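Novice: below: sequence and its predicted model.
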Amino acid sequence: DDFAKIDIRVATILSAEKVPKTDKLLHLKVDIGIEERELVAGIAEYYKPEDLPGKQALMLVNLEPRTIRGIKSQGMILAIESEGNLTLAVPEKYSPPGSIVK
């Protein structure tokens, strides 16, 4: 099954900063339990960098790394788009970083 190939885990955001010369991108550092990773997320129009550290989000962790604006992006934060808004997909309650979504 294709869904079985997808590895989604809980990530805790450690830091966030705007990617220079962009309006939509944030550079995130996250803890996924077994390691810390960096990624680029197109959420800057909806979230301020200073509001993200400590928040949890669901993250697709088994993507091939890509370099975006000079930053090696090692995964994808999942978000829900509804009525022109974007909301991070988050666990209902605190879960240890790296917890697997089944």
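Specialist: Here it is on my side, so go on.
Novice: do you know how far the residue sitting nearest the centre point of the chain is from Asp1?
Specialist: Centroid-nearest residue in the chain, with C-alpha atoms, centre = their mean: Ile77, separated by 2.7 Å. Going from Ile77 to Asp1 by C-beta to C-beta, to the nearest Å gives 24 Å. Where you see a C-beta, it was placed from the backbone N, CA and C, and this is true even at glycine.
Novice: cool, and Gly75?
Specialist: According to C-beta to C-beta, Gly75 and Asp1 sit 21 Å apart.
Novice: on that earlier part again, beta-bridge partners for the residue nearest to the centre of the chain, please?
Specialist: Counting by DSSP bridges, Ile77 forms beta bridges with Met59.
Novice: quick check: pLDDT value at it.
Specialist: pLDDT recorded at Ile77 is 97.
Novice: that one reaches Val40, doesn't it?
Specialist: No. Taking contacts as C-beta atoms under 8 Å, Ile77 lies outside contact range of Val40: 9.5 Å.
Novice: what do these two both touch?
Specialist: Residues touching both Ile77 and Val40 (C-beta atoms under 8 Å, 6 or more residues apart in numbering): Leu28.
Novice: circling back to that earlier point, quick one, which of Gly75 and Asp1 is more surrounded?
Specialist: Higher neighbour count among Gly75 and Asp1: Gly75, with 24 against 5, using other C-beta atoms under 10 Å.
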